[in-house]
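Undergrad: my questions are about this predicted structure, shown below with the sequence.
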Amino acid sequence: MKTAAIYCRVSTDNQEAEGTSLQTQLEACRDYCHDKGYDVAYPFSETYSGLTLERPRLNELRELIRNEQIDVVVVYCLDRLSRDPTHGVILTQELQKHNVTLEAVTETVDSSELGKLITYIRGFASKLEAEKIRERTMRGKAQYVKMGKLPIGTGTGLYGYKWDNKNKKRIPLEFEIKVVEKAFLMRSNLDKTFKIARTLNEQGIRAKTGGKWHPRTIHRMLTNPAYIGMTFYGRTRGSRKTKLVEQPESEWILLPDTTPPIISRELFDRVQEIIRQDSELHRAKAKQEYLLRGHVVCGYCGSPLVGSYMNHRFRYYHCRGTYPTATRQRICNARYIRADYLEDVTWQNIRNVLSKPEIVLAGISEQLEAERNMPGTSLDNEIQKLKRRLKGYEAQEKRLIQLLRYEEVTQDAVLDEINQLKKDREFDKQQFENYIFTKERIASLENAELKLKDYCQQLGRNLDNATFEDKSEILEMLAIKVTATPEQVEIQGIIPLDTTSTSTPDSSPYLLTTGQTSA
């Protein structure tokens, strides 16, 4: 018996009339699997746009596929899986790679070349239709705002309420109100968002999306003025709704009588003051200097190493994976590493290289010459040319679909054209990314060359006098990345290896130093 996973998706919560509600899809898929004799082990349902691959339940499904835990994926129709043809290709390739078949209740999924062509065209048409729907939706939202109404009613909505689509208002939910009150009261008693999220998860209380609570979700809840009846609509310069209280009223539209208050103003203000004080305290703690912040990762699990100040005396680096989060247990057992030792090891290796500036600069010049040595036109011209070419592929796709619609060409001819178009686009995209990477690398090398000359002139050979700011700039300039465990330290950057005495003939062409450390 084949093990099946069912995937159901809607973009809105109001698709019952279309016959594509989550419950309708799920029942149809279960009936299909029963008729086929499949064992439905994993049913997935979610409300999410089909134009993105970043969907929580889809990610869980893809993990099952990669782990080869299922034999078949069943959907109601193909556009439930994806409305973007490019994403459809990605998902199809994943299924094929792990020998998982895709089946749909309402249509036949043909794995032939012609079937792939039809699927591709359908996906492209779905993407265009989704873009039209999005544009109409934005116009409709603008009209609702002019009428003083909050233009929502789709998606998961605000925790603590359900949406009254007829009156365009939120209606409090008794159980969720208690959860919101619990979160505010815990925070007012100085509990952190991490503890609040973990408590709710341990009690089996689900977030609005049906998933687990995260500290950031709790923080957004605690800073949302809708819970005291102040409903705003708008977005300015990328600001987030969690900061609505701080925004000038002229930048946002206040919509009265939309959200009934469920938290008292006194409790809300108290929580905001606690959050403000904690933020100031966090900034004060951050003043403790850690030279390798953002430059060092754990050699065991790859998680970032972060600074810890023990007993107000000792600085350490430790792995983020060594402590649990609100949604997972610890993933690493690495011990603490003394910060002064790790920073000294890193700086002494960099210092040994910088003590020979003429060799360093010569090495950088060689790399720059090699990077710039591109035959033909300039790098900028090639980037602009590829930009224009990549933008033109969508128009070519539309032209091919129109030709097929009016039967001016055969299906085989269109199939050949589309296959070649996909290959050309993928090749151009790869070339574009390579050129961008080369341009960024040239810029970093040029920046390093200029700044190194300046630093070497200012500091001379006495690099021990370099300040914390000097060292930080040098780490950025040389793109230093440190991989550390209590037993070993590896340092990588853009400096040629032959400028340091720790090099070995068979090493990579970048600074790579290994040394013993102690916890």
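TA: Alright, I've got the coordinates. Because the structure is a prediction, the values reported are computed rather than measured.
Undergrad: gap between the most centrally placed residue in the chain and E46?
TA: Geometric centre of the chain, nearest residue: E54, 8.2 Å, by Cα atoms, centre = their mean. Using Cβ to Cβ, to the nearest Å, E54 is found at 12 Å from E46. To be clear about C-beta, it is placed using only N, CA and C from the backbone, and glycine gets the same treatment.
Undergrad: how about C33?
TA: Here C33 is placed at a distance of 19 Å from E46 (Cβ to Cβ).
Undergrad: pull out the buried positions in the strand or helix carrying R388.
TA: Element membership of R388, judged by DSSP states H and E, is helix 379-405. Using 16 or more other Cβ atoms under 10 Å as the test for burial, helix 379-405 gives 382, 386, 397, 400-401, 404.
Undergrad: low-confidence regions, the stretch 301-450 of the chain specifically.
TA: Judged by pLDDT under 70, the stretch 301-450 of the chain has its weakly predicted residues at 311-312, 326, 356-364, 366-377, 404-411, 444-445, 448-450.
Undergrad: got the domain ranges for the chain?
TA: 3-141, 161-279, 288-355+461-519, 361-442 (automatic domain parsing).
Undergrad: export those domains to TSV and tack on distance to K149?
TA: Output for the domains of the chain, formatted as TSV (distance: least, Cβ to Cβ, whole Å):
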stretch	distance to K149
domain 3-141	10
domain 161-279	4
domain 288-355+461-519	35
domain 361-442	36
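Undergrad: so for L150, which of the ones you listed sits nearest?
TA: Of all those, the one in closest proximity to L150, counting by Cβ to Cβ, is domain 161-279 (4.7 Å).
Undergrad: show the end-to-end separation of stretch 209-227, please.
TA: Using Cα to Cα, to the nearest Å, one end of stretch 209-227 lies 18 Å from the other.
Undergrad: ugh, typo on my part, it should be stretch 205-218
TA: The first-to-last residue distance of stretch 205-218 comes to 13 Å (Cα to Cα).
Undergrad: could you pull up the mean pLDDT of that stretch?
TA: Stretch 205-218 carries an average pLDDT of 90.
Undergrad: residues of stretch 73-89 that come out buried?
TA: In stretch 73-89, counting by 16+ other Cβ under 10 Å, buried: 73-76, 78-85, 87-89.
Undergrad: now, which of these sits nearest L95?
TA: Closest to L95, out of all of the buried residues of stretch 73-89 and judged by Cβ to Cβ, is V73, at 6.7 Å.
Undergrad: wait, doesn't the closest one sit right on L95?
TA: Yes - counting by Cβ atoms under 8 Å, L95 is a contact partner of V73 at 6.7 Å.
Undergrad: so for these two, which residues contact both of them?
TA: Contact criterion Cβ atoms under 8 Å, 6 or more residues apart in numbering; residues shared by V73 and L95: 65, 101-102.
Undergrad: tell me the one among these nearest to L26.
TA: The shortest approach to L26 among these belongs to L102, at 17.1 Å (Cβ to Cβ).
Undergrad: per-residue pLDDT, the closest one?
TA: With respect to pLDDT, L102 scores 92.
Undergrad: distance of it from Q431?
TA: L102 is 31 Å from Q431, where distance means Cβ to Cβ.
Undergrad: same deal with R330?
TA: Note on R330: its distance to Q431, by Cβ to Cβ, is 43 Å.
Undergrad: now L386
TA: For L386, the distance to Q431 (Cβ to Cβ) stands at 6 Å.
Undergrad: ok, Q329 next?
TA: 43 Å.
Undergrad: the more surrounded of those two?
TA: Shown here are Q329 and Q431; by other Cβ atoms under 10 Å, Q431 has more neighbours (16 against 7).
Undergrad: please enumerate the helices of the stretch 201-350 of the chain.
TA: Applying DSSP state H, counting those that start in this stretch to the stretch 201-350 of the chain gives helices spanning 215-222, 265-285, 339-354.
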